[in-house]
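Colleague: just the structure for this:
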Amino acid sequence: MQTVPLWINGKSVQSQSGRFGDVFDPALGEATKRVGFANGAEIAATIQAAKDAFPAWRDLSLARRQQIMFRFRELLEAKKGELAEIITSEHGKVLSDALGEITRGQEVVEFACGLPHLLKGEFSENASTNVDVYSIKQPLGVVGIISPFNFPAMVPMWFFPVAIAAGNTVVIKPSEKDPSATNWMAELWKEAGLPDGVFNVLHGDKEAVDGLLNSPDVAAISFVGSTPIARYIYETSSKNGKRVQALGGAKNHMLVLPDADLDLVADSAVNAGFGSAGERCMAISVVVAVEPVADELIVKITERMAQIKVGDGRRSCDMGPLVTKVHRDKVASYIEIAEKDGAKVVVDGRGVVPDGAPGGFWLGPTLIDNVPTGSKVYTEEIFGPVLSVVRVKTYDEGLDLINSGQFGNGTAIFTNDGGAARKFQNQVQVGMIGINVPIPVPVAYFSFGGWKHSLFGDSRAHGEEGFRFFTQTKVITSRWLDPSHGGLNLGFPQN
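Modeller: Numbering: from 1, shown residues only. Reported below is the predicted structural model:
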């Protein structure tokens, strides 16, 4: 069985730890690879490679860095079909969705190609007599990236293009469930001309994560994952004096007002609820229907769900399997919880007949109506193809429901009333908002991140905030003396 190696200082290195994790093809239900988990010495060697590469990369001209970034972008565009096939084989999402993920990540690469402009400082001439004040942006050093299984290409590309463009070196710890995409991108960086040691891949489990969090040579940590782990990453990194941006979980609501176009709502709810088998932090998992629209909306959603073809993502299918059997079984358990809590299971995905191998990790799209807000089906992030419907009587009741939750990642409102939409965007306590848009993921030159327990740390991903996160600013006050300079003056300059 193929073993996915580490990538240290521009080379593939097989771990000698003797510890491995199985990598499954979710559509087959079979382990097709294994990944070697780094030991303490290998963790230290990976970080050291990035540390050794930092001075030369930091001092490389912006023009040279930009050329490498452009080359990486061109190679990614030419070869992204290869990467999509890798993602589908290890995550399970359909090929078209994998290609869409890569395209959204590529947007950040393209944004980072503008690094000469984004790294400019400021200058004030003659701030005081013959005194100039100016600022410069400099990289942090070695930065760690810890990425989740659901977007093995896009989420890493939220961070590493910006970090590298800003002059940092990177150690990335991808999910052990689908690790090969990161190795593929490491090889692409090398082909693009990135110096060895600037981009390193560290495979492993909690030992590898803690190695990054506790290393004095790692200056910053970027993370995306569940809220409990995000909190742990944030607290441990902060305690160790690191910068940290830790993006956590979500429970995204779609508020549907009575004047909304229900066909658009139904299309959007199905697309946003079941794309990538619901394994998205920006998935819509709760439809909040302001009565009297719920019954009609459920009929329309059910009609569309009947058209979804579940199966192997390499075939002509709409939705693939879940990433592992353990995760599939956990998501399916929420359907049973819903029944016990008195909700109505309108469409039960546990009985799906897929176009794929019988051993695949299958769970079909599921629709649950009248979900009690005290049920775990409502309060917890399910991270699968389960769409809940909660009925409310008024806009204010729906708004209060959204604002009372622990998460504040993404939300959407569907309405034809501009005043209601404007009121909603002002009042809702959520970081990313869609107006008649179901998945409000910002484009690369804006920044991604939520509120409340969906984000730990002060900085969000990519955009200008990303460049601020991966740089530190120096402010210089400068005076060049001429022969007529004065004598001593112990006070602050006044003019």
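
Colleague: surely Cys281 touches Thr227?
Modeller: No: counting by CB atoms under 8 Å, Cys281 stays clear of Thr227, with 10.3 Å between them. Heads up, the C-betas are built off the backbone N, CA and C, glycines and all.

Colleague: give the residues shared as contacts by those two.
Modeller: Common contact partners of Cys281 and Thr227 (CB atoms under 8 Å, 6 or more residues apart in numbering): Gly249.

Colleague: am I right that Ile413 is in a strand?
Modeller: Yes: the assignment for Ile413, made by DSSP: H, G, I helix; E, B strand; the rest coil, places it in a strand.

Colleague: just the CA coordinates for stretch 412-426, please, in CSV.
Modeller: Provided in CSV are the C-alpha atoms of stretch 412-426 (Å, rounded to 0.1, in the frame of the first residue of the first chain):
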residue,chain,number,x,y,z
ALA,A,412,-28.5,34.4,4.7
ILE,A,413,-31.8,36.2,4.3
PHE,A,414,-34.1,35.6,1.4
THR,A,415,-36.5,38.4,0.7
ASN,A,416,-37.6,40.9,-2.0
ASP,A,417,-37.8,43.7,0.6
GLY,A,418,-34.7,45.8,0.4
GLY,A,419,-35.5,47.5,3.7
ALA,A,420,-35.8,44.1,5.5
ALA,A,421,-32.5,42.9,4.0
ARG,A,422,-30.8,46.1,5.1
LYS,A,423,-32.2,45.8,8.6
PHE,A,424,-31.1,42.2,8.8
GLN,A,425,-27.5,42.9,7.7
ASN,A,426,-27.3,45.6,10.4
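
Colleague: list the buried ones in it?
Modeller: Buried residues in stretch 412-426, counted by 16 or more other CB atoms under 10 Å: 412-415, 420-421, 424.

Colleague: cool, stretch 442-453 as well?
Modeller: By neighbour count on 16+ other CB under 10 Å, the buried set for stretch 442-453 is 442, 444, 447-450, 452-453.

Colleague: contact partners for Ile308?
Modeller: Counting by CB under 8 Å, 6+ apart, Ile308 makes contact with 270, 274, 318-319, 364-365.

Colleague: can you report phi and psi for the closest residue to Ala220 other than its chain neighbours?
Modeller: What sits nearest to Ala220 in space, not counting adjacent residues and going by CB to CB, 6 or more residues apart in numbering, is Arg243, at 3.9 Å. Here is the backbone geometry of Arg243 (degrees, to the nearest 10): phi -70, psi 150.

Colleague: distance of Arg243 relative to Val224?
Modeller: 16 Å (CB to CB, to the nearest Å).

Colleague: of the two, who's got more company?
Modeller: The neighbour comparison of Arg243 against Val224 (other CB atoms under 10 Å) goes to Val224, with 27 against 19.

Colleague: tell me what the more buried one is bridged to.
Modeller: Leu247 (DSSP bridges).

Colleague: can you offset everything so residue one is 7?
Modeller: Renumbered: residue one is now 7, and that last one reads Val230.

Colleague: so what pLDDT did it get?
Modeller: If you check Val230, the pLDDT there is 97.

Colleague: need the contact list for it.
Modeller: 152-154, 161, 164, 236, 252-253, 287, 467 are the contacts of Val230 under CB under 8 Å, 6+ apart.

Colleague: with Arg40 instead?
Modeller: By CB under 8 Å, 6+ apart, the contact set of Arg40 is 7-10, 26-29.

Colleague: got the domain ranges for the chain?
Modeller: With domains defined by automatic domain parsing, the chain comprises 8-254+460-482, 258-441.

Colleague: would you reformat the ones you listed as CSV and include distance to Leu494?
Modeller: Shown next, in CSV, are the domains of the chain (distance: least, CB to CB, whole Å):
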stretch, distance to Leu494
domain 8-254+460-482, 16
domain 258-441, 53
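
Colleague: isn't Ser130 up against Val139?
Modeller: Yes: counting by CB under 8 Å, Ser130 touches Val139, with 4.8 Å between them.

Colleague: contacting residues around the residue sitting nearest the centre point of the chain?
Modeller: For the chain, Val161 is the residue whose C-alpha lies nearest the centre (CA atoms, centre = their mean; 4.0 Å). Counting by CB under 8 Å, 6+ apart, Val161 touches 111, 153-154, 230.

Colleague: again, 10 Å this time
Modeller: By CB atoms under 10 Å, 6 or more residues apart in numbering, Val161 lies in contact with 107, 110-111, 151-155, 180-181, 228-231, 253, 287, 454, 467.

Colleague: okay, now the unreliable bits of the stretch 357-501 of the chain?
Modeller: Across the stretch 357-501 of the chain, the ranges flagged by pLDDT under 70 are 489-493, 499-501.

Colleague: taking the contacts of Ile314, tell me the two that lie furthest apart.
Modeller: Every pair in the contacts of Ile314 was compared (CB to CB); the two farthest apart turn out to be Val276 and Gly370, at 12.5 Å.

Colleague: pairing partners for the strand or helix carrying His259, with directions?
Modeller: Using DSSP states H and E, His259 sits in strand 258-262. Sheet partners assigned to strand 258-262 using DSSP bridges are listed as strand 290-296 (parallel), strand 416-420 (parallel).

Colleague: pipe those into a markdown table and attach distance to Lys85 per row.
Modeller: What follows is those, written out as a markdown table (distance: least, CB to CB, whole Å):
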| stretch | distance to Lys85 |
| --- | --- |
| strand 290-296 | 32 |
| strand 416-420 | 31 |
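
Colleague: Thr385: which of those is closest?
Modeller: Within those, the stretch nearest Thr385 is strand 290-296; the backing value is 10.4 Å (CB to CB).

Colleague: these two touch, right, Asn15 and Leu200?
Modeller: No: look at Asn15 against Leu200 with CB atoms under 10 Å: they stay out of range, at 11.7 Å.

Colleague: between those two, which is the more surrounded one?
Modeller: Leu200 (23 against 18).

Colleague: tell me which helix or strand Lys143 sits in.
Modeller: Using DSSP H and E, Lys143 sits in strand 137-145.

Colleague: hmm, back to that, so which of the domains of the chain gets nearest Phe498?
Modeller: Nearest to Phe498 among the domains of the chain is domain 8-254+460-482; the distance by CB to CB comes to 9.4 Å.

Colleague: follow-up on the earlier one: which neighbours do Asn15 and Leu200 share?
Modeller: Ala59.

Colleague: look up the residues forming beta bridges with Thr479.
Modeller: Taking DSSP bridges, one obtains Lys143 as the residues bridged to Thr479.

Colleague: list the contacts of it.
Modeller: For Thr479, the contacting residues are 127-128, 141-144, by CB under 10 Å, 6+ apart.
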